[in-house]
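here's a sequence, model it:
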Amino acid sequence: MNNSTETITSLQNPRVKEVTALQGSSSLRREKGLFVVEGLREVLRCTESGFRLRTVFTCPACCPPQSSVQLRKILADAASQEQVRIFEVSEAVYSRMAYRGGTEGVLAVVHSGGPRTLEALDRKDMGDCPLIVVVESVEKPGNLGAMLRTADASGVSAVLVCDPHTDLYNPNLIRASLGGVFTLNMAVCTSAEAIAWLKGRGIGILTAQLQDSELYYDTDMTRPVALVFGSEADGLTGIWREAADAHIRIPMLGRIDSLNVSASMAVLCYEALRQRHTVNTL
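Numbering: from 1, shown residues only. I've put the predicted structure just below:
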């Protein structure tokens with residue numbers, strides 16, 4: 001157990017340089033098995049979800065008084081873990097390390113642990129009628145983060161991230177998800193692996209697409225289903241269109257023929273929630 005707090009004031013400190021490098025490089029995050037989390041809410045959700053801290057940095061001058069209880073909890077959790085280092089840093093050092101502003105003066109380096117696989121997902125409790133979200137090759141971390149936030153809010157059982165163009169611990173993704181990347185059951189896999197996994201468990205595949213599709217509110221989502229969404233630029237690849245049990249669409253009544261992928265997901269997830277609530281209250 002390590003209860004001591006050390007001080008860093010130099011911008012040239014190796015730990016400061018490591019944090020800034022981890023913030024900017026997905027390959028370094030994978031190589032070291034580490035990532036950075038900023039903000040009281042995000043760090044708390046990360047630790048409460050079982051992720052293991054390596055280092056915690058705090059800047060008292062940047063922490064608002066109303067957040068002191070949360071900060072004390074983070075520091076107590078860190079001090080209770082083996083080999084966690086705690087540092088107090090100056091405003092200049094914190095500004096250099098932080099990827100964004102307004103993160104309440106707390107930042108942590110976290111062990112990513114093992115890969116989030118389909119095999120690990122099988123050990124999670126997803127209930128008798130799972131609602132799965134599948135995201136194929138979404139490119140923008142902010143979009144994927146927003147989708148994870150919606151998945152958490154709408155009670156999605158699991159999210160499969162297929163053939164990703166960004167890693168799960170990109171700082172923009174963590175920020176946009178508000179820590180949803182930690183709270184959700186998730187797996188990263190190929191599209192072929194995801195299709196085999198879904199079909200092997202009797203989970204219907206509903207692909208969101210404009211062509212050859214039926215309106216989403218005419219589609220039964222009260223059974224175990226996976227809602228599948230493609231990339232912002234290209235939509236879904238052919239492997240998903242061929243594997244689908246149904247193609248569904250959101251009506252577009254204006255001149256613009258598509259919604260942002262995170263907005264489309266929100267519409268469909270809450271339709272599934274509405275249908276399931278209606279059935280359960282009959």
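
so what's residue 208 up against?
Each residue near residue 208 by CB atoms under 8 Å, 6 or more residues apart in numbering is listed here: 216, 227-230, 236, 248-250, 264-265, 268. (Glycine included, C-beta is placed from N, CA and C.)

next: residue 22.
Residue 22 sits next to 28-29, 32, 34-36, 109 when contact means CB under 8 Å, 6+ apart.

in strands, which of those residues fall?
Applying DSSP state E to the contacts of residue 22, the entries found in strands are 34-36, 109.

and residue 75, what element?
According to DSSP states H and E, residue 75 maps onto helix 68-80.

which is the next helix or strand following that helix?
As assigned by DSSP H and E, the chain's next helix or strand after helix 68-80 is strand 85-89.

for the next helix or strand after that following strand, packing partners?
Going down the chain from strand 85-89, the next helix or strand is helix 91-97, by DSSP H and E. With contacts taken as 3 or more CB pairs under 8 Å, 6 or more residues apart in numbering; DSSP states H and E, helix 91-97 sits against helix 14-24.

circling back to that earlier point, taking the contacts of residue 208, please make a ChimeraX selection of just the buried ones.
Only the buried entries of the contacts of residue 208 go into this ChimeraX selection, using 16 or more other CB atoms under 10 Å:
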select :216,227,228,229,230,236,248,249,250,264,265,268
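
now flag whichever of the contacts of residue 208 is closest to residue 50.
Using CB to CB, residue 265 comes nearest to residue 50 of those, at 25.7 Å.

now do the strands in the stretch 151-282 of the chain.
Assigned by DSSP state E, counting those that start in this stretch, the strands in the stretch 151-282 of the chain fall at 158-162, 186-189, 204-208, 214-215, 225-229, 246-249.

among those, which comes closest to residue 275?
strand 225-229 (10.0 Å).

given that closest one, what are its sheet partners and their directions?
Next to strand 225-229 in the sheet, as set by DSSP bridges, lie strand 131-136 (parallel), strand 204-208 (parallel).

outside of stretch 228-237, which residues touch it?
Residues outside stretch 228-237 that contact it (CB under 8 Å, 6+ apart): 133-140, 143, 147, 165, 191, 205-209, 240, 244, 260-261, 264-265.

filter those down to the buried ones, ChimeraX style.
Only the buried entries of these go into this ChimeraX selection, using 16+ other CB under 10 Å:
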select :133,134,135,136,137,138,140,143,147,191,205,206,207,208,209,240,244,261,264,265
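
circling back to that earlier point, farthest-apart pair in the contacts of residue 22, please.
28 and 109, at 11.8 Å, using CB to CB across the contacts of residue 22.

more neighbours: those two, which one.
Using other CB atoms under 10 Å as the criterion, residue 28 and residue 109 rank with residue 109 on top: 21 against 14.

now the strands of the stretch 151-282 of the chain in TSV, with mean pLDDT and distance to residue 80?
Formatted as TSV, these follow (pLDDT from 0 to 100; distance: least, CB to CB, whole Å):
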stretch	mean pLDDT	distance to residue 80
strand 158-162	98	30
strand 186-189	97	27
strand 204-208	96	44
strand 214-215	95	53
strand 225-229	97	39
strand 246-249	95	48
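
out of those strands, nearest to residue 276?
For these, the distance to residue 276 is smallest for strand 225-229, at 10.2 Å, taking CB to CB.

for residue 35, grab the count of nearby residues.
25.

phi, psi for the residue nearest to it when sequence neighbours are not counted please.
Spatial nearest neighbour of residue 35, excluding adjacent residues (CB to CB, 6 or more residues apart in numbering): residue 169 at 3.5 Å. Dihedral pair for residue 169: phi -110, psi 20, per degrees, to the nearest 10.
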